[in-house]
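Chemist: Below are the sequence and a predicted model; questions follow.
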Amino acid sequence: MQKIELYKNRALFANAMLDKYFAGAPNMVISDIGAGFGHMKAKIESLHATWQPFDYIKKIDQTIIWNLNEEAPNGAKNAGMVVFLEVLEHLDNPLLGLQNISKHLDKNGVIILTTPNPQSSKNIVSLFLRGSLYAFQEKHLAENHVFTPWKHIVEHYLKMCGFAILEYAIVDTAYIYQKPTSFKDWVKQKIERYIEHRNPLAKGMSYGIVAKKKL
């Protein structure tokens, strides 16, 4: 298996991918979909790019409201890159959302995506103990965690939308370095490390994908 890079959090992953792929973007507009409070603004503007923030709910004045069940709002500029961090799992219709993002990207545009990792060791342990994935229990419906983003399904959806997968990364690994505070936590951690040893894709609470629009 090709070496897969690990990133402590989604911001470090997104920053590294912006640095790696921005020079080849077809235009200077980077759409930050799920922009929240604008945490990616400084990085995007440091590249001398145009930061175009979208969200379902307006948290800052600059945000443009975009329901991903619909095409990009009138007046939105086509993007050369899209940053799409921890949003996919909130979509009621993820395939339609990715189709609308694809329409918003110019040809050869790049999407940088992160989403929770259903096959993470924590999810596997939770499934065994609780009968549900760690981040997709009934209580997570309050956050509209309604799509379980298995890697093979997300990659299939991206390909259906005209994207070619460029790379995959393991994201949100800070938990690996936490010290257990009880014997129960120690046992659980040993089980998680064993699962990760058997399956490298079980590392990371989230994963990242970079894909290029080919159509």
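Modeler: In hand now; what should we look at?
Chemist: any idea how far residue 88 lies from residue 206?
Modeler: From residue 88 across to residue 206, the span is 10 Å (C-beta to C-beta, to the nearest Å). C-beta: built from backbone N, CA, C; applies to glycine.
Chemist: Now list whatever residues contact both of the two.
Modeler: residue 115 (C-beta atoms under 8 Å, 6 or more residues apart in numbering).
Chemist: for residue 135, helix, strand, or coil?
Modeler: Assigned by DSSP: H, G, I helix; E, B strand; the rest coil, the conformation of residue 135 is coil.
Chemist: residues near the nearest residue to it once chain neighbours are set aside, how many?
Modeler: Leaving aside its sequence neighbours, residue 135 sits nearest to residue 116 (C-beta to C-beta, 6 or more residues apart in numbering; 4.7 Å). By other C-beta atoms under 10 Å, the residues close to residue 116 number 24.
Chemist: my guess is residue 116 meets residue 206, correct?
Modeler: Yes. Contact criterion C-beta atoms under 8 Å: residue 116 and residue 206 qualify, at 5.3 Å.
Chemist: can you list residues touching both of these two?
Modeler: Contacts common to residue 116 and residue 206, judged by C-beta under 8 Å, 6+ apart, are residue 86.
Chemist: Name the next helix or strand downstream of the host helix or strand of residue 190, please.
Modeler: According to DSSP states H and E, residue 190 maps onto helix 183-198. Counting by DSSP H and E, the element after helix 183-198 in chain order, helix or strand, is strand 206-213.
Chemist: Tell me which residues are up against that following strand.
Modeler: By C-beta under 8 Å, 6+ apart, the list of residues contacting strand 206-213 from outside reads 7, 10, 13-14, 17, 21, 86, 102, 105-117, 151, 154-155, 158, 162-172, 201.
Chemist: Any stretches of the protein with poor pLDDT?
Modeler: 1-2 (pLDDT under 70).
Chemist: which strand is the longest one in it?
Modeler: Longest strand in the chain, counting residues (DSSP state E): strand 105-116.
Chemist: Show me where this structure has its strands.
Modeler: Under DSSP E, the chain gives strands at 6-7, 29-33, 50-55, 64-65, 79-85, 105-116, 163-171, 206-213.
Chemist: What residues does residue 35 make contact with?
Modeler: Residue 35 neighbours (C-beta under 8 Å, 6+ apart): 41, 53, 54, 55, 59, 60, 63.
Chemist: Surely the fifth one and residue 36 touch.
Modeler: Going back to what we said before, that points to residue 59. Yes. The pair residue 59 / residue 36 is scored as a contact, 5.7 Å apart, by C-beta under 8 Å.
Chemist: Neighbour count for these two, which is higher?
Modeler: Taking neighbours as other C-beta under 10 Å, residue 59 and residue 36 compare with residue 36 leading, 16 against 13.
Chemist: Could I get the phi/psi values of the more buried one?
Modeler: Dihedral pair for residue 36: phi 60, psi -120, per degrees, to the nearest 10.
Chemist: picking that back up, what subset of the contacts of strand 206-213 is buried?
Modeler: 7, 10, 13-14, 17, 21, 86, 102, 105, 109-117, 154, 158, 162-163, 168-172 (16 or more other C-beta atoms under 10 Å).
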